[in-house]
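Engineer: model this:
(one chain, ligands or ions: 1)
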Amino acid sequence: MQPFFGDFASGTTGPPKNQAFIESGNRMSLFDWFADRRKEQSTGKVTQEPDEGDGLWSKCPECGLVVYLKDLRANASVCAGCSHHHRINSSERIAVIADPGSFEALNEELTPTDPLGFKDRRAYADRLRESQASTGLNDGVVTGLCRVEGLAMALAVMDFRFMGGSMGSVVGEKITRLIEVATEKRLPLLIVCASGGARMQEGMLSLMQMAKISGALERHRDSELLYMPLLTHPTTGGVTASFAMLGDLILAEPKALIGFAGRRVIEQTLREKLPDDFQTAEYLQDKGFVDTIVSRNQMRVTLASLLRLHGSRPMELAST
Ligand SMILES: [Zn+2]
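Structural biologist: Coordinates of the predicted model:
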């Protein structure tokens, strides 16, 4: 979206120059111009506030605070005005959690195929290509080993930008392989969830991932190792119905939407009005589904103390 003042200065869409305007005696036109401008704003065509579209500014959707994107990023994309947690991508998430430079990715080469030749409004193959180009990722999860304040940990981070963080075969396989490595190396595990659910374009193959990951988690648990899911906005569908809810400790970010089916579906089924905070992290903590809500600014410190409490020790990652 074009910055408002840029347009104004260039005179391409701004009001006629005041001097010429007054000289023409056409005061009504100036009024009309402002009226049109308001109409455009209400239809979302033009914004007077700087937004993320111009690449420099970000406006908080909760409190309206406008800040430099650079300052927002420096604060882990948490609003300085109201603590709203803006959505972040997988590499930003890794930077928030892992010690700088400690993350070692695994199975980056795994790439999805289109086994069903699926096509809805658009072909699945096209959707994949588009997501890969826009994110630079092969699929919607990044997995690897890292250190948190020196303590070794296996880490998976789902990336909502990639087809809504949907769980297809590659997402399932990468998470499963990571859990198996964590079990073998006796490492604690954190999976950062951000997902719209199973990837319908892979049909049953995507649903199978729920059972496969849950099975691998069971073997990790049998080895008496710590598993923590971190539920971020939004965590829904098949991810909630499997590994997001299987943690020894279930962590969540403030105000994250966490649920299985959508609010409207549940309301229609129950024929009941649901509370306003239904399916928020706070509501789920109150009902005992979430153990603790951790602000992103406190994430690394909190994780490190949880790891220490569960007996983690500093260790080398490379070739361990
Ligand atoms: Zn805010």
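Engineer: Would you enumerate the residues in contact with Arg147?
Structural biologist: For Arg147, the residues meeting the contact criterion (Cβ atoms under 8 Å, 6 or more residues apart in numbering) are Ala98, Asp99, Ser102, Met153, Pro314, Leu317. The way it works is simple: take the backbone N, C-alpha and C, and place the C-beta from them, glycine included.
Engineer: if I look at it, how far off is the ion?
Structural biologist: Separation of Arg147 from the ion (Cβ to the ion, to the nearest Å): 32 Å.
Engineer: Repeat that for Leu307.
Structural biologist: Relative to the ion, Leu307 is positioned 31 Å away (criterion: Cβ to the ion).
Engineer: List the contacts of that residue.
Structural biologist: Contact partners of Leu307, counting by Cβ under 8 Å, 6+ apart, are Val148, Leu151, Met153, Pro188, Leu226.
Engineer: mind checking how far the longest helix belonging to the chain is from the chain centre?
Structural biologist: If each helix of the chain is counted by residues according to DSSP state H, the longest one is helix 203-222. On the basis of Cα atoms, centre = their mean, to the nearest Å, the separation between the geometric centre of helix 203-222 and that of its chain is 22 Å.
Engineer: other SSEs contacting that helix?
Structural biologist: Judged by 3 or more Cβ pairs under 8 Å, 6 or more residues apart in numbering; DSSP states H and E, helix 203-222 is in contact with helix 169-185, strand 227-235, helix 237-240.
Engineer: Can you name the element that comes right after the last one?
Structural biologist: Translated: helix 237-240. Downstream of helix 237-240, the next assigned helix or strand under DSSP states H and E is strand 251-252.
Engineer: got the CA coordinates for the next helix or strand after that next one in CSV?
Structural biologist: Of the helices and strands lying after strand 251-252 in sequence (DSSP H and E), the nearest is helix 263-270. Output for helix 263-270, consisting of C-alpha atoms alone and laid out as CSV, is shown next (Å, rounded to 0.1, in the frame of the first residue of the first chain):
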residue,chain,number,x,y,z
ARG,A,263,-15.9,-21.5,17.4
ARG,A,264,-18.8,-21.3,15.0
VAL,A,265,-18.9,-25.0,14.4
ILE,A,266,-19.0,-25.7,18.2
GLU,A,267,-21.7,-23.0,18.8
GLN,A,268,-23.8,-24.6,16.1
THR,A,269,-23.4,-28.1,17.4
LEU,A,270,-24.0,-27.2,21.1
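Engineer: one step back: any chance of the helices and strands packed on helix 203-222 in TSV, plus mean neighbour count and mean pLDDT?
Structural biologist: Conversion of these to TSV gives the following (neighbours: other Cβ atoms under 10 Å; pLDDT from 0 to 100):
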stretch	mean neighbour count	mean pLDDT
helix 169-185	21	98
strand 227-235	25	98
helix 237-240	25	96
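Engineer: I'd like those as a markdown table, with distance to Leu207 appended.
Structural biologist: Rendered in a markdown table, the data for those read as follows (distance: least, Cβ to Cβ, whole Å):
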| stretch | distance to Leu207 |
| --- | --- |
| helix 169-185 | 10 |
| strand 227-235 | 17 |
| helix 237-240 | 7 |
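Engineer: Tell me which of these sits nearest to the ion.
Structural biologist: Shortest separation from the ion across those is recorded for strand 227-235, at 14.3 Å, computed as Cβ to the ion.
Engineer: Against which helices or strands is that closest one packed?
Structural biologist: By contact count (3+ Cβ pairs under 8 Å, 6+ apart), the secondary structure elements abutting strand 227-235 are strand 189-195, helix 203-222, strand 251-252, helix 299-309.
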